[in-house]
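**Q** Return a 3D structure for these sequence lines:
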Amino acid sequence: MSDSLPGWRPTATLPTLEHRARLLQQLRAYFLSRGVLEVETPLLAATATTELHLQSFVVSDPLTPRQTYYLHTSPELAMKRLLAAGSGSIYQICKVFRAGELGARHNPEFTLLEWYRVDTDYDAFIAENVRLLESVLREHLNLQPVMQFTYRQAFQDYAGIDPFNADVAQLHAAFVAQVPADVSAFAHADRQTWLELLLTHCVEPHLPRDRLVVIRDYPAEQASLAALSPANPAVAERFEIYCNGLELANGFHELTNAEEQHQRIDQELAERQRRGLPIVPPDQKFLAALQHGLPDCCGIAIGFDRLVMLATGAQNIAAVITFPLNGS
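**A** Numbers count the residues shown, from 1 in each chain. The predicted model follows:
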């Protein structure tokens, strides 16, 4: 009788779950040995992210129907409040929730490793995270030495265009020249949409697949929580790390200026309204923490499920988690 309803069994095998558990132990040992404090922050919040590409799940309380809550898309803002309170370097491994993300590499509920190093610089933090990921993956993959590209260099090498100087028409033309697809649905797409399409369809598929690859120095408008480069305000100190074509991590030299952060949030809310996206309440306690003073720090979010996918050779995220939302 128990087997009469299909799909009740976990999608990950027991050996995969054991492997997953070992990787968690390995990560915790890494941070323990380096004096990075493990913390926990709430999954449920009264505020939501204002970032344009992230959509929050809305949760209602039947006993207080006028109160709206949100499942967090990242522990970032709460962790920065801890940093402002003097926590020092911290990390967290937790569940996060992002609406509309379901596929071979995405589950709306997934596990994120997020961590912050105080009193470090952008280049040193990139190097530390490369070492961290190599230490976890080396026994599973024959990794060649890491390669780094600037965002501009990656687009010039693989999409044949300068992403900082090209206008919408030029970005559109570059995409159409390389991708045989119907783009009529993007007839009125803005510049950022075309940059994202070029990144996912023309750059990422061609990145070297036998090593970690760092893409760094993103356009300023693509890094709402990152500091701008002192040498070039058009560039944000943001980086991403890939392996075997899979995006693993997204990191920043964190913005600490409360006034500038407030302006960016206001701009995001205005753009949300223009696009017809949900208008969400910004986190005023986060802004107050910035006003109090966030220490100079760098932070990164690493997709733990994707790390397990690479370590086990899985091609679908369902193979490394127990019960994905779609049950496949």
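**Q** In the stretch 51-200 of the chain, what residue spans correspond to strands?
**A** Per DSSP state E, counting those that start in this stretch, the stretch 51-200 of the chain has strands spanning 57-60, 68-71, 90-97, 109-118, 144-150. These are given in chain order.
**Q** Now do the buried residues in the last one.
**A** Burial within strand 144-150, assessed by neighbour count using 16 or more other Cβ atoms under 10 Å, is assigned to 146, 148-149. C-beta coordinates here come from the backbone N, C-alpha and C atoms, glycine included.
**Q** ok, now the second one?
**A** For strand 68-71, the neighbour count (16+ other Cβ under 10 Å) marks 69-71 as buried.
**Q** thinking again about what came up before, can you put the buried residues of strand 144-150 in CSV and add pLDDT?
**A** Listed next are the buried residues of strand 144-150 as CSV, based on pLDDT from 0 to 100:
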residue, pLDDT
V146, 96
Q148, 97
F149, 97
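**Q** can you list the residues you listed in CSV and add distance to A189?
**A** Shown next, in CSV, are the buried residues of strand 144-150 (distance: Cβ to Cβ, whole Å):
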residue, distance to A189
V146, 33
Q148, 29
F149, 24
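**Q** just those residues now: which is nearest E240?
**A** Using Cβ to Cβ, F149 comes nearest to E240 of these, at 10.3 Å.
**Q** so how far is Y218 from that closest one?
**A** Applying Cβ to Cβ, to the nearest Å, the value for F149 to Y218 is 11 Å.
**Q** do the same with F252
**A** 9 Å.
**Q** residues shared between the contacts of these two?
**A** The contact sets of F252 and Y218 overlap at 226, 236, 238-239 (Cβ atoms under 8 Å, 6 or more residues apart in numbering).
**Q** Low-confidence ranges, this protein, go.
**A** Filtered on pLDDT under 70, the chain yields the residue ranges 1-6, 327-328.
**Q** Tell me how many other residues crowd A169.
**A** 9 (other Cβ atoms under 10 Å).
**Q** again with H206
**A** 13.
**Q** what are the phi and psi values for it?
**A** Main-chain torsions, H206, degrees, to the nearest 10: phi -110, psi 0.
**Q** With the one 4 residues further on instead?
**A** The phi/psi pair for D210 (degrees, to the nearest 10) reads phi -110, psi 20.
**Q** ok, and what's touching the helix ranked longest in the chain?
**A** Taking DSSP state H as the criterion, the chain has its longest helix at helix 14-33. For helix 14-33, contacts defined as Cβ under 8 Å, 6+ apart pick out 10, 12, 38, 91, 93, 113, 115, 132, 135-136, 304, 307-308, 311-312, 314, 319-320, 322.
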